[in-house]
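J.: Have a look at this prediction, sequence included:
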Amino acid sequence: RQSLGAQVIRLACCGANSRDRLGERFHAPEDAAGEAPPQGERWVCSTMQHFSCTSLRGVACSGGRKEDGVRDYEEFLKRKQREFPPTGFEPPSVVHPKMFDYQDAVTRWSIRRGRSAMFLGTGLGKSLCSLAWSSHVHRHTEGRVLMLAPLAVATQTSRDEATKWAIDGVKYLREDDGETPIVVTNYDMMDHFDAERFAGVVLGESSILKHFDAKMCDRLIGKFYRTAYKLCETATPAPNDYTELGNHAEFLGVCTREEMLATFFCHDGGTTQDWRLKRHAQKDFWRWVSSWAVMLRKPSDLGYDDTR
């Protein structure tokens, strides 16, 4: 160690292996391999021409200048960022002739994503968006789509909304007939349908995932695990209820709830049931959520006119 003014600098790198690889440019004490620098100290190159080793954060020490080390670490952080690649397809030029511009934008985005969530406020047209999404998935795959919803919503969707928006092939069923292109049913009838016979699935009022017990959530996630196209839609997501977001992410196949918690959260206090979003991970967490979900309270949230 050397004293340099008020700062203590420890001449070390990332252990014996790096020291052997880089020759005499770095000098690490024998007991420093894999060790984090003590509080108030930092590890630097003994020639004072190179940046401190960052291998403890997963970046190998390159022996370059400080700017190179910073760039290497930034590249490492980019590689660590979670991304959810799109699995959908390009929608046609006209998604639905009666859609507002913000509805068209949201539905197009969801079709391209393939597996996504629409958290649209009350009155913004979730039914039209989900019916149009189902219709285009049916046309693209030549497969069938199953729409699940609470009983009152299911009958309204098949009887009123499909007729209102002139979307053909929609029917409410309690048992599969093997031929209806877009089947609407309630959650209690879910076991009467074979998921393997459907190319897409829609969870209507998907905030219900929060109220289901663990057994029901596991059944939904397991039953539609292999379904290629998935859509969740609700007007009442709970942005502060991370369990609900985790359930949505797991159903859509983004990641498991446990993976989400391990990546972005830490235990709050002495209990293992309370989770707190890491302060440094807040921006990355919501960026990750926005890669598979769109949240809209009013059209101007996306830059569109609220008066339309």
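T.: Received the coordinates, thanks. This one's a predicted model, so the numbers in the text were calculated from it and none came from an experiment.
J.: all contacts plus neighbour counts: C-alpha atoms, from now on.
T.: OK.
J.: Chain neighbours aside, what residue packs nearest to R113?
T.: P86 (4.3 Å; C-alpha to C-alpha, 6 or more residues apart in numbering).
J.: The one you found: what's it in contact with?
T.: P86 is in contact with R112, R113, G114, R115, counting by C-alpha atoms under 8 Å, 6 or more residues apart in numbering.
J.: which of those residues are buried?
T.: R113, G114, R115 (16 or more other C-alpha atoms under 10 Å).
J.: so the second one makes contact with E90?
T.: Meaning G114. No: using C-alpha atoms under 8 Å, G114 is not in contact with E90; the gap is 9.9 Å.
J.: Reduced to three states, what does the residue nearest to R113 come out as?
T.: coil (DSSP: H, G, I helix; E, B strand; the rest coil).
J.: and what of L146?
T.: Taken by three-state DSSP, the conformation at L146 corresponds to strand.
J.: Redo the contacts of P86 as JSON lines? Include distance to R197, pLDDT and secondary structure.
T.: As requested, the contacts of P86 are exported to JSON lines (distance: C-alpha to C-alpha, whole Å; pLDDT from 0 to 100; DSSP: H, G, I helix; E, B strand; the rest coil):
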{"residue": "R112", "distance to R197": "22", "pLDDT": "96", "secondary structure": "helix"}
{"residue": "R113", "distance to R197": "21", "pLDDT": "96", "secondary structure": "helix"}
{"residue": "G114", "distance to R197": "18", "pLDDT": "96", "secondary structure": "coil"}
{"residue": "R115", "distance to R197": "18", "pLDDT": "97", "secondary structure": "strand"}
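J.: For those, give me JSON lines that also has distance to D177.
T.: Listed next are these as JSON lines, based on distance: C-alpha to C-alpha, whole Å:
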{"residue": "R112", "distance to D177": "29"}
{"residue": "R113", "distance to D177": "29"}
{"residue": "G114", "distance to D177": "26"}
{"residue": "R115", "distance to D177": "26"}
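J.: closest to K283 among these?
T.: Nearest to K283, judged by C-alpha to C-alpha, of the contacts of P86 is R113 at 21.2 Å.
J.: who touches that closest one in this structure?
T.: Contact partners of R113, counting by C-alpha under 8 Å, 6+ apart, are P85, P86, T87, G88, F89, W292.
J.: Narrow the residues you listed to those that are buried.
T.: P86, G88, F89, W292.
J.: In CSV, list the C-alpha atoms belonging to the helix or strand hosting C232.
T.: If you go by DSSP states H and E, C232 is part of strand 229-234. The C-alpha trace of strand 229-234 is given here as CSV (Å, rounded to 0.1, in the frame of the first residue of the first chain):
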residue,chain,number,x,y,z
TYR,A,229,-48.9,-15.9,-29.2
LYS,A,230,-50.1,-14.5,-25.8
LEU,A,231,-51.8,-11.3,-24.8
CYS,A,232,-52.8,-10.0,-21.4
GLU,A,233,-55.1,-7.1,-21.2
THR,A,234,-56.5,-5.2,-18.2
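J.: per-residue confidence averaged over the next helix or strand after it?
T.: The element immediately downstream of strand 229-234 (helix or strand, assigned by DSSP H and E) is helix 242-252. What helix 242-252 shows for mean pLDDT is 88.
J.: Would you mind listing where the stretch 51-200 of the chain has pLDDT under the threshold?
T.: 51-71, 73-84 (pLDDT under 70).
J.: cutoff 80 now
T.: For the stretch 51-200 of the chain, residues meeting the criterion pLDDT under 80 lie at 51-84.
J.: can you give me the strands in it?
T.: All strands of the stretch 51-200 of the chain, identified by DSSP state E, counting those that start in this stretch, fall at 115-120, 145-149, 170-172, 182-186, 200-204.
J.: Same list (these) but as CSV, adding distance to F265.
T.: Converted to CSV, the strands of the stretch 51-200 of the chain look like this (distance: least, C-alpha to C-alpha, whole Å):
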stretch, distance to F265
strand 115-120, 22
strand 145-149, 31
strand 170-172, 41
strand 182-186, 34
strand 200-204, 27
